[in-house]
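*Asks:* Model the following, please.
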Amino acid sequence: STVYSARDLRFSVHRPVAVKEMTNNARDKIVRDTIVKNFEREANILATLNHNAVPKIHDYFTIDENSYLVMELIQGNNLETILNQTQGFFPEEQIITWGVELCDVLQTLHNHKPEPIVFRDMKPANIILTPNNQIVLVDFGIAKIFQGDEKGTMIGTEGYSPPEQYR
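*Replies:* Alright, predicted model coming up:
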């Protein structure tokens, strides 16, 4: 998928938004339908969340082979970019603050009612640091409702997924 910065023109206040576009080029109809269903799952998960470290969703729709999520535009850089551009170490106090913020949003997801949500793609590229120095978790594309009795598929980014997932 690709994420664009845009303006929502439907209201008198033209608010900045992020538009996530997912192009579905699968040839098999069952695979295409599954991809759209997964995209809708991401939209529905985001719609149930109300946390300052999760982008708010405004709309989602599909046109032909493209699906779109319209959501709050989060200003800032992802943590992977910041890490690559930084020489030396971050102050310990800053790392602790970011860690607490991440734990807070994960606790919100894991305590979500009626079912917990599992993010499944925790990595620096999916953590935005805003100009106010706050953490925002982005890209809920592979997040899902937790079902304890379900055998899962190995999914996520290699090197960031938990080792027990590969057993």
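*Asks:* What's the local residue count around residue 136?
*Replies:* 21 (other Cβ atoms under 10 Å). Every C-beta, even on glycine, is put in place using the N, C-alpha and C of the backbone.
*Asks:* any idea which element it lies in?
*Replies:* Assessed by DSSP states H and E, residue 136 sits inside strand 135-137.
*Asks:* Give me the contact list for that strand.
*Replies:* By Cβ atoms under 8 Å, 6 or more residues apart in numbering, the residues outside strand 135-137 that reach it are 52-55, 74, 76, 98, 101-102, 105, 119, 126-130.
*Asks:* just the strands in this protein please.
*Replies:* Under the criterion DSSP state E, the chain contains strands at 2-7, 16-23, 57-63, 66-72, 77-78, 117-118, 127-129, 135-137, 144-145.
*Asks:* what's the closest of those strands to residue 46?
*Replies:* strand 57-63 (4.1 Å; Cβ to Cβ).
*Asks:* which residues sit in contact with the residue nearest to the spatial centre of the chain?
*Replies:* Of all residues in the chain, the one closest to the mean position by Cα atoms, centre = their mean is residue 139, 2.1 Å from it. Counting by Cβ under 8 Å, 6+ apart, residue 139 makes contact with 121, 125, 126.
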